[in-house]
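Asker: Sequence and computational prediction follow.
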Amino acid sequence: MPWLIALLVMSVFTGLWYQYEAKAQQRIDIARFAATLQLSIRPLLRNDDYDWLKAQLSHIGHSSGLAVTAIAIFDQNHRLMLATDTPAILQQFTAETMLNGYTLLSYQNQFLAVQPITPAEADPVSGISLRPGSGPYYLVLAIDNAVGYGVWLVPVMIVGLIGGLVLLLWQHRWSQLIQRLHTDLSLLTHKLNQLRHGQLNVRVDEQLVPELTPVQQGFNELAQAQADKLQQLQSALQQQQQHNVQLQQQHDVLQQQCQQLQGRCQQMQQQIALRLQHIHQLQRQQHELPEQLFAQYLAAQLLLLQLDTGPAMSDDSRVQLTALLAGQLPQFDQLLADHNVTLQLFEGADNPGFELTFCPQLLQTLLCAMLQLGCRSTNVTEISLKVQLDSTATVLRLNITNNGDGIAKRVRQLLQGQDTSTLQWHESDIAIVMAVKQQLNATFSLQSLDGLGGNISLAIPVHGLSELPQSALQHVLLFDSQSSNLQERSNSLAALAAHVAKCNDLSELTMKSEQYLYDVAIIFLPEPAQLSVWHQVLQDLSSRGKVLCYAVPAQLAMWQAALKLPVTSSPFVLAQVLDATKAGTHLAKLLVVDDNPTNLAFVRVLLKQHPLQLFTASCGTEALTLCRQQRFDVILLDIQLPDIDGTEVARRLRQTPEYQHTPILAFTAHALDDEVQLFLQAGMNDVIIKPLEAAKLQHILRWCSSAVKTDSIT
């Protein structure tokens, strides 16, 4: 009974709530329709055809989805001006009804929606005179109340139906519980009979009623003992079966490995037979080959034998690329001299700073093999070898570029394929590159253009990188007339020098050689011209530091005779820079004192790219403090400072032993002859007039250079 009462109350509440919601929604729809009609009636009122206007309004009313019985327009005195129909409810809109906005009036089962229309919202027409200032006018909608009993009757029926089904299900569940109790009793009786007849493996796993739980536990304890014994026997049997399966799998793996080993042995036998055949052919040709070339081919064949029989020769040797390339230069020179080819060698910036784990013999032979590949093209006169270690990607990149007629079609096909059985003994360079590509998982690329040369690249994954301590040089001068080579070499030297001054013009070299003191100057000599100028510039450089000169073999003798300096045609390597000097000069330390932040910022911009250490101070006290903390080579001192006059700062500095001979330059906007004398008497060496220009900047740099030279001599 309580459930039936609750169901009845829920049904009544649902019906009332749905009735209220339907009425509220109807009012909202009427308000939206009235607002929409007010906006859309303006273009309709421009037509003075009443019949057409009524037809349009009737169409709007029928298509609205509401039970619209009439649409009418009243004037300010509530007189009917236009109506699609004249139902009785329109008479309820009388002059006593004063409206200022949208209003919804309810009369029995009908609604009267009134929406004011002002002249500003409607255009004057001949048939309906909506004149400005004569309003307001009213748009009146007569709408039937379409909310009936069906709105709440259907939800009430649904709620009653669902509630009835729930009650039936509950009654059915109660009947099931009673039936379950009888079933559990029958089950226990049956299990008891099984236990009585000696069947000890029985269990009561069914969910019984709580009253029968203790009886269920007693049955299960008796059955568990028998089940445990049976489980132990089954487990032992299963373990034996798994062991048999594992033995079978191991047998299959061993058999597969034996097959692979047999295939590998057959392949190795074929490769070894091929290598031995090549060695015998090479021995028969020994008397026809130069001794050096024979030794080179023989070493290549022996290396290929090791590659065929071993795991890529990747031992635990530590390789430093810069030192390895320097040691390979004689072999490179001999190899390329036989082909009358010039070598340009470029190293990566990471080469001198890292060691890697690699087989040195394999790397040396691979570099020679790539050079031989570069010489295989016809009309080759120059080869570029790039050896670049990428520590970020842990990759060693080897690149060969030549200027010949392109790589032969057969060589391209062999390098891009996998089969080495057709190679001859004199094609060991191709075999070595192919073996390294396959065994070291190297990325290989090849480009060849007829008449424009070719390019061969290998990217070999490396491991065991360890960073080496570097004693970087302070300043290096680099000259190369070829702009592309100049940038490449500058990038390589960036790892060794704090500052690299590079140039590709003789006049620029002359200017730079006079300005700074360099740890080492590296000069790649162009075609001989202006030999006297070159002689003077290089003599000046050699008198102040180490100079390394390089020339192509054809011009070597001419440059040696003209310069009277050591000139080599051997390729340039970074190890030669490290060997050329063990300690570099320090960069000049310049202190600029000025109270104007704009002037200091301008000085920083001008001196940013020059080889010196710049320090700034904005007052005399700060300048004296900095000078006590460290030693400066040159001081550019403003005269008019906010706390201490510049001449007084100079006098105090001259009284200290560290700054008795340091160049102090007056930095002022004006200086008369008498003022210049005062500056000199205070201990200043020179006067720089503001603003700072290019010529004055060069003057300051010369002071810095001379100060550094004096320190180095001392």
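Answerer: Thanks, I have it.
Asker: Point out where the stretch 51-200 of the chain drops to low pLDDT.
Answerer: Residues of the stretch 51-200 of the chain that meet the criterion pLDDT under 70 lie in 95-100, 118-136, 146-156, 188, 191-192, 194-200.
Asker: Tell me which stretches of the stretch 451-600 of the chain form helices.
Answerer: Read by DSSP state H, counting those that start in this stretch, the stretch 451-600 of the chain holds these helices, from start to end of the chain: 483-493, 506-515, 531-544, 556-563, 574-580, 597-607.
Asker: nope, the stretch 51-200 of the chain is what I meant
Answerer: According to DSSP H, counting those that start in this stretch, the helices that the stretch 51-200 of the chain contains are 150-196.
Asker: ok so, going back, how about TSV for the helices of the stretch 451-600 of the chain, with distance to residue 175, mean neighbour count and mean pLDDT added?
Answerer: Glycine gets a C-beta too; all of them are placed from N, C-alpha and C. Formatted as TSV, the helices of the stretch 451-600 of the chain follow (distance: least, CB to CB, whole Å; neighbours: other CB atoms under 10 Å; pLDDT from 0 to 100):
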stretch	distance to residue 175	mean neighbour count	mean pLDDT
helix 483-493	91	17	89
helix 506-515	108	16	85
helix 531-544	113	16	86
helix 556-563	115	17	88
helix 574-580	97	19	80
helix 597-607	96	14	84
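Asker: Find the nearest non-adjacent residue to residue 528, please.
Answerer: residue 558 (5.0 Å; CB to CB, 6 or more residues apart in numbering).
Asker: didn't that neighbour look like it was pressed against residue 527?
Answerer: No - between residue 558 and residue 527 there is no contact under CB atoms under 8 Å: 9.5 Å.
Asker: so who does residue 339 touch?
Answerer: By CB atoms under 8 Å, 6 or more residues apart in numbering, the contact list for residue 339 reads 375, 380.
Asker: SS state for it?
Answerer: Of the three states, residue 339 takes coil according to DSSP: H, G, I helix; E, B strand; the rest coil.
Asker: From residue 357, how far off is it?
Answerer: 33 Å (CB to CB, to the nearest Å).
Asker: element containing residue 8, please.
Answerer: helix 2-40 (DSSP states H and E).
Asker: where do the helices sit along the stretch 201-350 of the chain?
Answerer: 213-284, 291-309, 321-337.
Asker: Just the buried residues of the last one, please?
Answerer: When you say that, I think you mean helix 321-337. 321-326, 328-329, 331-332, 335-336 (16 or more other CB atoms under 10 Å).
Asker: again, but for stretch 452-467
Answerer: Result for stretch 452-467 [16+ other CB under 10 Å]: buried residues 453-460, 462.
Asker: now, among those, which is nearest to residue 566?
Answerer: residue 453 (31.8 Å; CB to CB).
Asker: Would you confirm that the closest one contacts residue 402?
Answerer: Yes - Residue 453 is within contact range of residue 402, at 4.9 Å (criterion: CB under 8 Å).
Asker: between the two, what contacts are shared?
Answerer: 377, 380.
Asker: sorry, back to before: so what secondary structure elements neighbour the helix holding residue 8?
Answerer: strand 103-107, strand 110-117, strand 137-144, helix 150-196 (3 or more CB pairs under 8 Å, 6 or more residues apart in numbering; DSSP states H and E).
Asker: any idea how far the last one is from the chain center?
Answerer: When C-alpha coordinates are averaged (CA atoms, centre = their mean, to the nearest Å), helix 150-196 and its chain have centres 65 Å apart.
Asker: between it and helix 2-40, how many degrees?
Answerer: 140 degrees (axes from the mean of the first three to the mean of the last three CA atoms, to 10 degrees).
Asker: again with the first one
Answerer: Computed with the same axes, to 10 degrees, the direction of strand 103-107 lies at 130 degrees from that of helix 2-40.
Asker: Would you mark the buried spots in strand 103-107?
Answerer: 103-104.
Asker: next one: the third one
Answerer: Of the residues in strand 137-144, those scored as buried under the neighbour-count criterion (16+ other CB under 10 Å) are 137-143.
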